[in-house]
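Student: Sharing a model that was predicted from the sequence below.
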Amino acid sequence: MSRRNRPLFFAVLASLTLAPASCTLSEAARADAGFAAGTTVLFQGDSITDAGRSRQPEHADTPNESRGLGRGYASIAAASILTEAAPADVEVFNRGVSGNKVFQLAERWQRDCLDLRPDVVSVLIGVNDIWHTRNGSYDGTPAVYERDYDALLQRTREALPDVQLVVCEPFVLMCGAVDKSWFPEFDEYRAASRRVAAKHDAVFVPFHSVFTEALAHHPAKHWARDGVHPTRAGAALMAKAWLESVAHSR
């Protein structure tokens, strides 16, 4: 880590996990945030969630295991969650898979979601649903994305009636692989994710809006060098937004 980046990293880390004891969440507050004792939290999505997680069963199938959680926002959010609860109280899993689109989530949903019986299911999906149409490897549309996403969350609600759903807004930044030609179509995917969240009473995490506001402080490449995959700073910003959105929804 460069000397220039150290202050930002430690400031973000402190804001997420290192509050003094007098500011830590009470057991009641943890319950309000969805992280009561015994809660299982599942992060799902594509490469942004995957973030290099280990697929080895001893890592992937062990809750709260750092290699199984990857190096992205899910891991940073999990660290904060587990700061407020003993590992035996809360279990966090990451089942993101690089390259996935909504229909590919559905293909593995029984194994990688429903069989885990999670209490909280967080989904970030959408960037590949547009990106892969641009390189000719997929023929999806915003309407297909919304239809498939709606069906996936309906299936989840039917199997897990008491689950807390968290729908994360897909995001891009204008740099690297992303240019003006992505818009306004990409905004249709963002709008679809918001509609699906509202329909299924899910917490909505406005990642694209969060990054747009963050551009006032640092350029796009600071947050995601290729416009899609977050840097460490971008992942920390996402984790903070995720935690705040879930806490404020309760």
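Tutor: Nice, thanks for sending it over. Numbering: from 1, shown residues only.

Student: Just name the shakiest helix or strand of the chain by mean pLDDT.
Tutor: Every helix and strand in the chain was compared by mean pLDDT, DSSP states H and E; the lowest is helix 27-32, with a mean of 40.

Student: pLDDT wise, what is the spatially most central residue of the chain at?
Tutor: In the chain, the residue lying closest to the centroid (C-alpha atoms, centre = their mean) is L124, at 4.9 Å. We have a pLDDT of 98 for L124.

Student: Starting from S54, give me the distance back to it.
Tutor: 19 Å (C-beta to C-beta, to the nearest Å). All C-beta atoms are positioned from the backbone trio N, CA, C, and that covers glycine.

Student: helices or strands next to the host helix or strand of S245 in the packing?
Tutor: Using DSSP states H and E, S245 sits within helix 232-248. With contacts defined as 3 or more C-beta pairs under 8 Å, 6 or more residues apart in numbering; DSSP states H and E, helix 232-248 has these neighbours: helix 6-17, helix 73-83, strand 164-168, strand 203-205, helix 207-214, helix 220-223.

Student: what angle sits between it and helix 207-214?
Tutor: If you take axes from the mean of the first three to the mean of the last three C-alpha atoms, to 10 degrees, helix 232-248 sits at 120 degrees to helix 207-214.

Student: Report the distance from helix 232-248 to the chain centre.
Tutor: How far helix 232-248 lies from its chain's middle: 9 Å, per C-alpha atoms, centre = their mean, to the nearest Å.

Student: Now that helix: average pLDDT?
Tutor: 95.

Student: now that helix against helix 73-83, angle please.
Tutor: Using the same axes, to 10 degrees, helix 232-248 lies at 50 degrees relative to helix 73-83.

Student: Low-confidence stretches in this structure?
Tutor: Scanning the chain for pLDDT under 70 picks out 1-34, 85-88, 250.

Student: Okay, E213 and F171: tell me how far apart.
Tutor: Using C-beta to C-beta, E213 is found at 12 Å from F171.

Student: Now do the same contact list for the residue lying closest to A78 once chain neighbours are set aside.
Tutor: In space, and not counting its chain neighbours, A78 is closest to V92: 4.2 Å by C-beta to C-beta, 6 or more residues apart in numbering. Residues counted as contacts of V92 (C-beta atoms under 8 Å, 6 or more residues apart in numbering) are 40-43, 63-64, 69, 74, 78, 81-82.

Student: Kindly state the beta-bridge partners for V92.
Tutor: When assigned by DSSP bridges, V92 has beta-bridge partners V41.

Student: Determine which of the helices and strands packed on helix 232-248 approaches S47 most closely.
Tutor: helix 73-83 (11.8 Å; C-beta to C-beta).

Student: Between strand 164-168 and that closest one, find me the angle.
Tutor: Using the same axes, to 10 degrees, helix 73-83 lies at 140 degrees relative to strand 164-168.

Student: Would you mark the buried spots in helix 73-83?
Tutor: Neighbour-count burial for helix 73-83, counted by 16 or more other C-beta atoms under 10 Å, picks out 73-82.
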